[in-house]
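**Student:** no sequence on this one, just coordinates:
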């Protein structure tokens, strides 16, 4: 498999060259990750804590590990010492657990808040009311070991480009709206993580700063 060629093709297709590419390496062996690393990739996305734990010691120290899957609270402690960014913070309970584990390891853990933008129930994330409730909660104001870097969202699984575009746009609008609010210092809204192998070009047109691409780089997922 020519990972270098795949990467070049993906990057060439980008509508926004400034957009960060997260190579989604879930289910892939370290030797393929190393091919991507040797082609210049430093950001790798995994959706299982166990896989990050297994791969992290086998990869160079300058790799940035992105936890992109649904994260259970009891697993946070395993990645707290080294994770670069947790993309899917979908509840205040999870954020408080990340705060707790960040305090234990003495670091501020960067996260994105996952927003539910899809018109299907299977996706995780805050709705607008839940997000407002969390921001207004006095406990939220005093977090010291998390760094909220932005938002993440996943669209409905559909071929309808207009639907996908509408959902991405709703996330960008929320992102812009939050930027105008008076938020605590640990909230620095810089990243908008939206777009995967099938819809990253639409996502970039709608303002994504970070796309999560797996199959277009590494081929179909291994089961």
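**Tutor:** Perfect, I can see it now. The structure displayed is predicted, hence computed values, not measured ones.

**Student:** any idea which residue sits dead centre in the protein?
**Tutor:** By Cα atoms, centre = their mean, the chain has its centre lying nearest to residue 87, at 3.1 Å.

**Student:** other SSEs contacting the helix ranked longest in the chain?
**Tutor:** Identified as the longest helix of the chain according to DSSP state H is helix 161-179. Other elements packing on helix 161-179 under the criterion 3 or more Cβ pairs under 8 Å, 6 or more residues apart in numbering; DSSP states H and E are strand 146-153, strand 187-193, helix 200-205. The way it works is simple: take the backbone N, C-alpha and C, and place the C-beta from them, glycine included.

**Student:** now do it: distance to the chain's middle.
**Tutor:** 16 Å (Cα atoms, centre = their mean, to the nearest Å).

**Student:** for it, buried residues please.
**Tutor:** 164, 165, 167, 168, 170, 171, 172, 174, 175, 178 (16 or more other Cβ atoms under 10 Å).

**Student:** that one vs strand 187-193, what angle?
**Tutor:** Between helix 161-179 and strand 187-193, the angle comes out at 170 degrees (axes from the mean of the first three to the mean of the last three Cα atoms, to 10 degrees).

**Student:** least confident secondary structure element in this structure?
**Tutor:** Least confident helix or strand of the chain, by mean pLDDT, DSSP states H and E, is helix 215-218 with a mean of 92.

**Student:** contacts for that one?
**Tutor:** Contacts to helix 215-218, defined as Cβ atoms under 8 Å, 6 or more residues apart in numbering, come from residues 1, 3, 6-7, 9-10, 23-25, 28, 32, 36, 197, 221.

**Student:** please consider this matter closed, and thank you.
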